[in-house]
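**Student:** Sharing a model prediction with you, sequence too.
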Amino acid sequence: MIAKALAVAGAALLLATAPGRAADIAPVVDADFYQNGRHDPAKVALGRMLFFDKVLSSNRNISCATCHHPRHATTDGLALGIGEGGVGLAPKRQVPEGAAVLGRIPRNSPSLANLGAKQFSRLFHDGRVEADPKGPWASGFWTPAREQLPEGLDNALAAQAMFPVTSDAEMAGGRGENEIADATALRRFGGPKGVWALLAARLRNIPEYRVLFQKAYPELRGPADITFVQAANALAAFQATAFRFDDSPFDRYLRTHDAGLLTPAARRGMDLFYGKAGCAACHSGKFQSDQAFHAIAMPQIGPGKGDGTDASYFEATGFPARLEDVGRAPISGRAGDLFRFRTPSLRNVALTGPWGHAGAFASLESVVRHHLDPTASLKAYRLTPGHLPPLSRVAQTVARGSALSEQPVNPARRAGFDRRDGWVQQSAALRARIAAANERPAVPLDDASVADLVAFLEALTDPRARELDHLTPARVPSGLPVAD
Ligand code: HEC
Ligand code: HEC
């Protein structure tokens, strides 16, 4: 009896951990999404305007859509983006004459596909926004704002929407530029003089937004009641509605079990993905993500997150910067999480390159090949000229007396600044740290198998994601331009 019970328990464990066959995956349905995927149209309409309106950036020069653009299936099409201060869209995004940026955005701009599904309860490559209703924060979310995050946010997607506006390089600008940028530099997000209150004041001064907020939130007694939490909830409702992509050939297969809906190559690729290539060990479930964190020795290019311990760049150039991106570890506080990043969903992945958390790989085939032998791939990786967009003018924080401000980097030091793009990758010691954390063993596959895997990944594209221009409004309430 005991032996039998143990055997049954063992089988249950196997079932729980086995990646499973594609045919066992239940199709995506409305119930997978917040509010069964039905969001109030008035909130969605407000969220759409906010998503495309540069009024949310302190210098009124960048919107959410700039980095999550309909033309690039909700990404920016760049390995590492150029935030506020830049102009244009990939492949032409650049820093114009007379402007300066603080540097590159350190991570690749991810796709927003299906983030209205409940299972995406942890957002960002390192999961630093996470829903935790039983956790210590009154807001119900772990976030970088900790106790400053207000209550009333609908879900993780809404909590995330509070943050791009508080990032200096993304939307908030450099200190000394305006009061929102200054509040950001002081990490003053909440409260009456915080970033969110200043932005809410901006919105309530625009008559058209007053009308849109009143329609979305009929309980408002007047413009004074408009808050940034309402804006974030509307942004989430828009993203959840507009960026639901569950009608790819693979989705149709999940609904019908008709393998004829996939090309022969995609069918072979699917068998490999859920079989001997071992992809579904991490890319599991309906959206090809276990929503957990793994280290797969992905190459790192660009300025990193500044959370490493290595001082070699400072010693060589004099710039007080640390260039590693160690992923999940600083969030969880666990050394075992070094260089771990959240397993990305693979819906629309063929449209959302470059790939990897720092956009190191320019082709889908090359990022698949990376997985076949991660540490060898890391060692062989070279940053090619032109892979990162040009940064013509950059600024750095300078002290004049007791005041800090952003000043252009002295031309004589510029070459030293630029060395950060390839620093981690060219250092054998830093590469060795990334390699040591790798969890994915080498899984050799022949070229035909790689081509089949790529064909399967292409079958995860919802055809609607190829043509999203209809989402871009002709104009936004602030009257600012919406082209990029
Ligand atoms: C300058 C480019 C830029 C702008 C502007 C920007 N984002 Fe992002 N977004 C990014 C990058 C880069 C990340 C990933 C950052 C990380 O993981 O550390 C990201 C992550 C996200 C995520 C999490 C995705 C996931 O799968 O975890 C969401 C949602 C999102 N952005 C929505 C928005 C919204 C809404 C706005 C406007 C309020 C916005 N973004 C503005 C670049 C940008
Ligand atoms: C050990 C877990 C694990 C396994 C197994 C795995 N992956 Fe991944 N995969 C990840 C993680 C984690 C990332 C993101 C890593 C990063 O950016 O640093 C990723 C990234 C990707 C990307 C790039 C996505 C993007 O948007 O940039 C693709 C494509 C991909 N994997 C496909 C595959 C395929 C195909 C297989 C099987 C050959 C596979 N993966 C096996 C964990 C895994």
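**Tutor:** Arrived safely. Ligands and ions are numbered 1, 2, ... in the order given.
**Student:** what about residue 346, distance to residue 243?
**Tutor:** 15 Å (CB to CB, to the nearest Å). Just so you know, the C-beta spots here come from the backbone N, C-alpha and C atoms, and that holds for glycine as well.
**Student:** now residue 151
**Tutor:** Going from residue 151 to residue 243 by CB to CB gives 26 Å.
**Student:** who has more neighbours, these two?
**Tutor:** When neighbours are counted by other CB atoms under 10 Å, residue 151 and residue 243 differ, and residue 243 comes out ahead with 25 against 10.
**Student:** How about residues contacting whichever strand or helix holds residue 341?
**Tutor:** Here residue 341, judged by DSSP states H and E, is contained in strand 341-342. Strand 341-342 has contacts (CB atoms under 8 Å, 6 or more residues apart in numbering) with 122, 124-127, 289, 291-296, 298, 327-328, 357.
**Student:** pLDDT weak spots in the protein?
**Tutor:** When residues are selected by pLDDT under 70, those of the chain lie in 1-20.
**Student:** Could you pull out the strands in it for me?
**Tutor:** 122-123, 129-131, 141-142, 293-294, 341-342, 395-400, 403-408 (DSSP state E).
**Student:** what pairs with the fifth one, and is each one parallel or antiparallel?
**Tutor:** Right, the one you point to is strand 341-342. Applying DSSP bridges, strand 341-342 is found paired with strand 293-294 (antiparallel).
**Student:** again with the third one
**Tutor:** If you go by DSSP bridges, strand 141-142 pairs up with strand 129-131 (antiparallel).
**Student:** Briefly note if the strand it pairs with comes near ligand 1.
**Tutor:** No - applying CB under 6 Å from any ligand atom, one finds strand 129-131 separated from ligand 1 by no less than 7.5 Å.
**Student:** for that strand, which positions count as buried?
**Tutor:** Of the residues in strand 129-131, 129-131 count as buried by neighbour count, 16 or more other CB atoms under 10 Å.
**Student:** circling back to that earlier point, of the contacts of strand 341-342, which fall within the contact range of ligand 2?
**Tutor:** Answer for these near ligand 2 (CB under 6 Å from any ligand atom): 294, 296, 298, 357.
**Student:** Most neighbours among those residues, which one is it?
**Tutor:** Counting by other CB under 10 Å, top hit in these: residue 298 with 26 neighbours.
**Student:** For it, which non-adjacent residue is spatially closest?
**Tutor:** residue 356 (4.6 Å; CB to CB, 6 or more residues apart in numbering).
**Student:** is it true that that neighbour touches residue 367?
**Tutor:** Yes - the pair residue 356 / residue 367 is scored as a contact, 6.1 Å apart, by CB atoms under 8 Å.
**Student:** thinking again about what came up before, switch the ones next to ligand 2 among the contacts of strand 341-342 over to TSV; also include distance to ligand 1.
**Tutor:** Converted to TSV, these look like this (distance: CB to the nearest ligand atom, whole Å):
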residue	distance to ligand 1
294	15
296	16
298	13
357	7
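**Student:** got the contact list for the nearest residue in space to residue 122 that is not next to it in sequence?
**Tutor:** Nearest residue to residue 122 in three dimensions, chain neighbours excluded: residue 130, at 4.5 Å (CB to CB, 6+ apart). Residues in contact with residue 130 (CB under 8 Å, 6+ apart) are 121-123, 141-143, 156.
**Student:** distance between stretch 295-302 and the chain's centre?
**Tutor:** 15 Å (CA atoms, centre = their mean, to the nearest Å).
**Student:** Using CSV, write out every CA atom in it.
**Tutor:** The C-alpha trace of stretch 295-302 is given here as CSV (Å, rounded to 0.1, in the frame of the first residue of the first chain):
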residue,chain,number,x,y,z
ALA,A,295,20.9,31.7,-16.7
ILE,A,296,21.7,30.7,-20.3
ALA,A,297,25.0,32.6,-20.8
MET,A,298,23.3,35.2,-23.0
PRO,A,299,26.0,37.7,-24.2
GLN,A,300,25.8,41.2,-22.7
ILE,A,301,26.5,44.3,-24.7
GLY,A,302,26.0,48.0,-23.8
